[in-house]
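Asks: I would like the atomic coordinates for the input below:
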Amino acid sequence: MTTPESSSSSNFIRDLVAADRAAGKHGGRVVTRFPPEPNGYLHIGHAKSMALNFGLANEMSGGVCHLRFDDTNPTTEDPEYVHAIQDDVRWLGFDWHDKMFYASDYFEELYAFAIVLIRKGKAYVDSLTPDQIRDYRGTLTEPGRDSPYRTRSVDENLGLFTRMRAGEFSDGTQVLRAKIDMGSPNINLRDPILYRIRHAIHYRTGSSWCIYPAYDFAHPLSDAIEGITHSICTLEFEDHRPLYDWVVAEADAPHQPQQIEFARLNLTSTVMSKRKLLELVEKKLVAGWDDPRLPTLKGLRRRGVTPEAIRAFCEHIGVAKRDAIVEMQLLEHFIREDLNKRSLRVMAVLRPLKVVLDNYPDGVVEDLEAVNNPEDASAGTRKVPFSKVLYIEQEDFKENPPKQFYRLAPGREVRLRYGYIIKCVGVTKDPQTGTITELHCTYDPETRSGSAQEQRKVKATIHWVSAVHAVQATIQLYQPLLLTDQAKPAADQDWTQSLNPQSLERLTGCWVEPSLRTAEPGSRFQFERQGYFCVDSDSSPDTLLFNRTVPLKDAWAKVAKAQHTST
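Replies: Numbers count the residues shown, from 1 in each chain. Reported below is the predicted structural model:
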């Protein structure tokens, strides 16, 4: 597990790129790329890749990072994803300037590279069925077998490939394969498929093409066309690197990019697979790609997470050569660290219990002064109305308090935040259920915050809102998406069975202080003693809706402190 003590912001890729530049490799240029496939929304794992690629370019004087859409599969890609990806990249604080590209822009050049391979005897058209190709490919322990079509002549392959492009064959009947080594221990080199027939409309090229390049063919050549110097990808592509280098070399590409692999981000208690995220959305197991329970950048943004918190988290976990699992609590720690500095403090009661101050004057309203943010003196103060009838949290009262419960109880005193010391003198219950419906208390008028009597000690301070002034709100509380504390559920089970049925708790009838009545969607606050909350995009002045970003309790900070103390 990654911990604050064991991890660092060290970056072996940064060191490698700097060494290449110092040695004059690639003519001293540094050109990276962030190459998403526009077949889904980005998640926090992509943020790590963004931070690495754009960050390297920004650190190196004259460095450039391209945004390229690897859009070679017409059946899964959509302009919706293209626009969403651009929005997410900008939101995280990165800029591609005028360096935005599409692999589909290179279809003609990629086709020409395929012709080069055929003419060199390095590629052939295979007429085996998809099932036969899989069978001939062999296994991890058994070598593959040559296709009977592997010995076709250059002219025959050129003719067939031309006819493939012309649309003379149906899907799945012909493919173009590289001619490498069917006996290679690296299964990726066993004559991989370079082109498939797909009679499908591409969102950018329309019906101009009915053959489409495979990712392992289009990706390295797109890098070469753009003059990428360092092609940075995740560890699952390490076994693909020999194929990457083979394609670029054998196709006589204009540049030779260097592929470098790093460990992808794996987080506990959530889903980091684009395929599984799509499944959740399509099966309506979540509310959409921006559901705040998801690790998508859209979901994190709607939940109230800031781009600064995500970038700080990515910098902290660093770049490793081996896969590891990062605790979700570590991400939450960085979210709290960021929100603590920027969030205004307010009071909100999520599960209200009515309190009547029997000795407080009827019809009187006082404006109490409250601090907006103790971490930022420039945030100033605000006025909070105080009156005879209040709401407090149900959990802040116990009729029969256990030991070490210091909040309100019969005959016991507490301080109201920014207000007075009150004492419980009576309890009203529902005669049918016995449920407590109302507390009767008295207040000490000499103990107002800021007065000389404020120094009188009580063991607890609780938050509250004035009943007549408070604004009703709906508040959504989020728990981990998965029940199991694992980044990867067991392969032999339906992974959706690991979904946490209590991942969303929707509270209605909550009350918030009146200053929040006009809070804009996206605004972030700390509800005192509760956590950090964000105004949801569906919120309005008539129907306030808040999402809890993270609770106040920082489990990771306690773990880190304990580890530090033990050493």
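Asks: ok, now how distant is the residue nearest to residue 347 when sequence neighbours are not counted from residue 541?
Replies: Leaving aside its chain neighbours, residue 347 sits nearest to residue 463 (4.5 Å; criterion: C-beta to C-beta, 6 or more residues apart in numbering). The way it works is simple: take the backbone N, C-alpha and C, and place the C-beta from them, glycine included. Applying C-beta to C-beta, to the nearest Å, the value for residue 463 to residue 541 is 23 Å.
Asks: Counting neighbours, go ahead and name the busier of these two.
Replies: Neighbour totals were compared for residue 463 and residue 541, and residue 463 leads with 22 against 11 (other C-beta atoms under 10 Å).
Asks: What residues does the more buried one make contact with?
Replies: 347-349, 392-393, 416-417, 528-530 (C-beta atoms under 8 Å, 6 or more residues apart in numbering).
Asks: Is it possible to get TSV of those that adds secondary structure, distance to residue 382 and pLDDT?
Replies: Conversion of the contacts of residue 463 to TSV gives the following (DSSP: H, G, I helix; E, B strand; the rest coil; distance: C-beta to C-beta, whole Å; pLDDT from 0 to 100):
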residue	secondary structure	distance to residue 382	pLDDT
347	coil	11	98
348	strand	14	98
349	strand	17	98
392	strand	20	98
393	strand	21	97
416	strand	16	97
417	coil	13	97
528	coil	13	97
529	coil	17	96
530	coil	18	96
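Asks: which of the residues you listed sit farthest apart?
Replies: Spatial extent of the contacts of residue 463 (C-beta to C-beta) is set by the pair 416 and 530 at 15.7 Å.
Asks: More neighbours: those two, which one.
Replies: Each of residue 416 and residue 530 has its neighbours counted (other C-beta under 10 Å); residue 416 has more, 25 against 20.
Asks: Pairing partners for the more buried one in the sheet, please.
Replies: Counting by DSSP bridges, residue 416 is bridged to residue 462.
Asks: Would you check that it makes contact with residue 407?
Replies: No: in this structure, residue 416 is not within contact of residue 407 by C-beta atoms under 8 Å, at 11.4 Å.
Asks: intersection of neighbour lists for the two?
Replies: residue 462.
Asks: on that earlier part again, can I get the contacts of residue 463 in CSV with distance to residue 444?
Replies: Formatted as CSV, the contacts of residue 463 follow (distance: C-beta to C-beta, whole Å):
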residue, distance to residue 444
347, 20
348, 25
349, 22
392, 17
393, 21
416, 11
417, 15
528, 22
529, 22
530, 26
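Asks: quick check, nearest of these to residue 473?
Replies: Closest to residue 473, out of all of these and judged by C-beta to C-beta, is residue 348, at 7.2 Å.
Asks: so that closest one touches residue 474, yeah?
Replies: No: assessed by C-beta under 8 Å, residue 348 is found out of contact with residue 474, at 11.5 Å.
Asks: These two: which has the busier surroundings?
Replies: More neighbours surround residue 348 than the other of residue 348 and residue 474, with 28 against 16 (other C-beta under 10 Å).
Asks: In contact with the more buried one, which residues?
Replies: Residue 348 is in contact with 463, 465, 473, 475, 510-513, 516, 527-528, 530, 533, 546, counting by C-beta under 8 Å, 6+ apart.
Asks: swap in residue 111?
Replies: Counting by C-beta under 8 Å, 6+ apart, residue 111 makes contact with 165, 211.
Asks: which SSE is it in?
Replies: helix 107-119 (DSSP states H and E).
Asks: before we move on, back to that, can you pull the phi/psi pair for the residue nearest to residue 347?
Replies: Dihedral pair for residue 463: phi -100, psi 170, per degrees, to the nearest 10.
Asks: same question, residue 395
Replies: Backbone torsions for residue 395, taken as degrees, to the nearest 10, come to phi -70, psi -10.
Asks: Could you do the one 3 residues further on as well?
Replies: Here the main-chain torsion angles of residue 398 (degrees, to the nearest 10) amount to phi -130, psi 130.
Asks: Over to residue 549?
Replies: According to degrees, to the nearest 10, residue 549 has phi -80, psi -60.
Asks: Setting aside sequence-adjacent positions, which residue approaches residue 397 most closely?
Replies: Spatial nearest neighbour of residue 397, excluding adjacent residues (C-beta to C-beta, 6+ apart): residue 408 at 4.6 Å.
Asks: quick one: pLDDT of the one you found?
Replies: pLDDT recorded at residue 408 is 97.
Asks: What of residue 565?
Replies: pLDDT at residue 565 comes out at 56.
Asks: Now do the shared contacts for residue 348 and residue 474.
Replies: Residues touching both residue 348 and residue 474 by C-beta under 8 Å, 6+ apart: 510, 546.
Asks: returning to what we had before: what's the residue nearest to residue 397 in contact with, if anything?
Replies: The contact partners of residue 408, by C-beta under 8 Å, 6+ apart, come to 392, 396-398, 414, 422, 424, 439, 441, 460, 462.
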